[in-house]
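# Fold the following for me, if possible:
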Amino acid sequence: MVSKYYNERLAVELCGLRLDNPIIPASGCFGYGKEFAELYDINMLGSFSFKGTTKEPRFGNETPRIAEAPAGMLNSVGLQNPGIEHVIAHELPELQKYFYKKVIANISGFSEEEYVYCARRLDTQDCVGILEVNISCPNVHGGGMSFGTDPKSAAAVTAAVKKVTKKPVFIKLSPNVTDIREIALACEAAGADGLSLINTLLGMRIDPGKRRPVLANTFGGLSGEAVFPIALRMVYQVCSAVKIPVIGMGGISSAEGVLEMMEAGASAVQIGAANLIDPYVCRNIIRDLPAVMDRYHIQNLSDIIGGAL
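This is a model prediction of the structure:
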């Protein structure tokens, strides 16, 4: 069935999954889509990545866990979520009442076994089109170092998840590394179908009056327009190194930003923090794209992927 929102000029493909357009709200900034579905028809989106899900329910970090930053925000929410069993039993059936397209399932874990458990449970869910594996979590069996900062750990998680699912697996990369290309190549070699980047950059704020960090967790992830040039650089570097598709994200808030990210090599994009400033931003970008494409003499978005490489 052809979607009523299909537009040949905007359509892209991710590992066989056809998207009406490349606009995908990012995990953690869109929940399960329900609140946004009350504002506009979210079926106009290419897809969306739902809230990061772990094996067990998580309350998350202590508050305060949000802080403002110049041209961005810091968060240390700590993967608050109801757990994979609740998501499958309640959130996914509810989601299908207002979103008829395939969704991207974002999973996290604190051990290889937790990633495998979540991937195996979601493999049977027809509404899930792609598994997005967040490897920015600390490995509790590896001294607390993030899976995403070590090529061997990143490759091990990738290979383990690939063994238990037939769905396309996209590994979400951390920017808090010396050379993101090394991690990307390790994931590709281990069988990743695609990559998502970037996750948030580690940052902090200090309250000068109280003389202590604003965030209870001290550090948080920086997102928003401030990170766009860094995200664009990393997407460009990774797309220059790998042959698998990339979903680019980090500070995108306009149709022009979408074009830049795709010309750097991204096959699709995710919009994160901008949704928290303007809940209609994804809708507006989709509406703006054709006119902005005309201005730059672009016929189809698929034609410009990697155009700057």
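# switch to C-alpha atoms for all contacts and neighbour counts from now on
OK.
# For R287, give its distance to A255.
Counting by Cα to Cα, to the nearest Å, the gap from R287 to A255 is 9 Å.
# Tell me how far the closest residue in space to G265 that isn't next to it in sequence lies from C15.
Take G265 and drop its neighbours on the chain: the residue closest to it by Cα to Cα, 6 or more residues apart in numbering is G306, 3.6 Å away. Distance, G306 to C15, by Cα to Cα: 17 Å.
# Please say which of those two ends up with more neighbours.
More crowded of G306 and C15, by other Cα atoms under 10 Å: G306, with 18 against 15.
# host element of that one?
Secondary structure assignment for G306, by DSSP states H and E: no helix or strand.
# Please apply the same query to L39.
L39 belongs to no helix or strand when assigned by DSSP H and E.
# hmm, back to that, hey, what's in contact with both of R287 and A255?
In terms of Cα atoms under 8 Å, 6 or more residues apart in numbering, R287 and A255 are not both contacted by any residue.
# Looking at the two now, which is surrounded by more residues?
In terms of neighbours (other Cα under 10 Å), A255 is the more surrounded of R287 and A255; the figures are 22 against 13.
# show me the contacts for that one.
By Cα under 8 Å, 6+ apart, A255 lies in contact with 285-286, 288-289, 292.
# Including distance to I24 and neighbour count, could those residues go into CSV?
Output for these, formatted as CSV (distance: Cα to Cα, whole Å; neighbours: other Cα atoms under 10 Å):
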residue, distance to I24, neighbour count
I285, 11, 19
I286, 10, 20
D288, 15, 14
L289, 14, 20
V292, 18, 16
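# Out of those residues, which is nearest to Y6?
Checking the contacts of A255 against Y6 by Cα to Cα gives I286 as the nearest, at 11.4 Å.
# pretty sure that closest one belongs to a strand, no?
No - going by DSSP: H, G, I helix; E, B strand; the rest coil, the assignment for I286 is helix, not a strand.
# check contacts around it.
21, 23, 45, 255 are the contacts of I286 under Cα under 8 Å, 6+ apart.
# Between all of the residues you listed, which two are separated the most?
Checking the contacts of I286 with Cα to Cα, the most distant pair is L45 and A255, at 13.8 Å.
# could you pull out the helices for the stretch 151-300 of the chain?
151-163, 180-189, 228-241, 255-263, 274-277, 281-295 (DSSP state H, counting those that start in this stretch).
# looking at the ones you listed, which is closest to P208?
Nearest to P208 among the helices of the stretch 151-300 of the chain is helix 274-277 (25.9 Å), distances taken as Cα to Cα.
# send the alpha carbons of that closest one over as CSV?
Coordinates of each C-alpha in helix 274-277 appear next as CSV, following Å, rounded to 0.1, in the frame of the first residue of the first chain:
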residue,chain,number,x,y,z
ALA,A,274,14.6,20.5,18.2
ASN,A,275,11.3,18.6,19.0
LEU,A,276,11.5,19.8,22.6
ILE,A,277,11.7,23.4,21.4
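# Show me the contact partners of that helix.
Contacts to helix 274-277, defined as Cα under 8 Å, 6+ apart, come from residues 25, 29-30, 224, 251-253, 281-282.
# So which of the contacts of I286 sit within strands?
Residues of the contacts of I286 located in strands (DSSP state E): I23.
# Show the buried residues in the contacts of I286.
For these, a burial check counting by 16 or more other Cα atoms under 10 Å picks out 21, 23, 45, 255.
# Many thanks, I have nothing further to ask.
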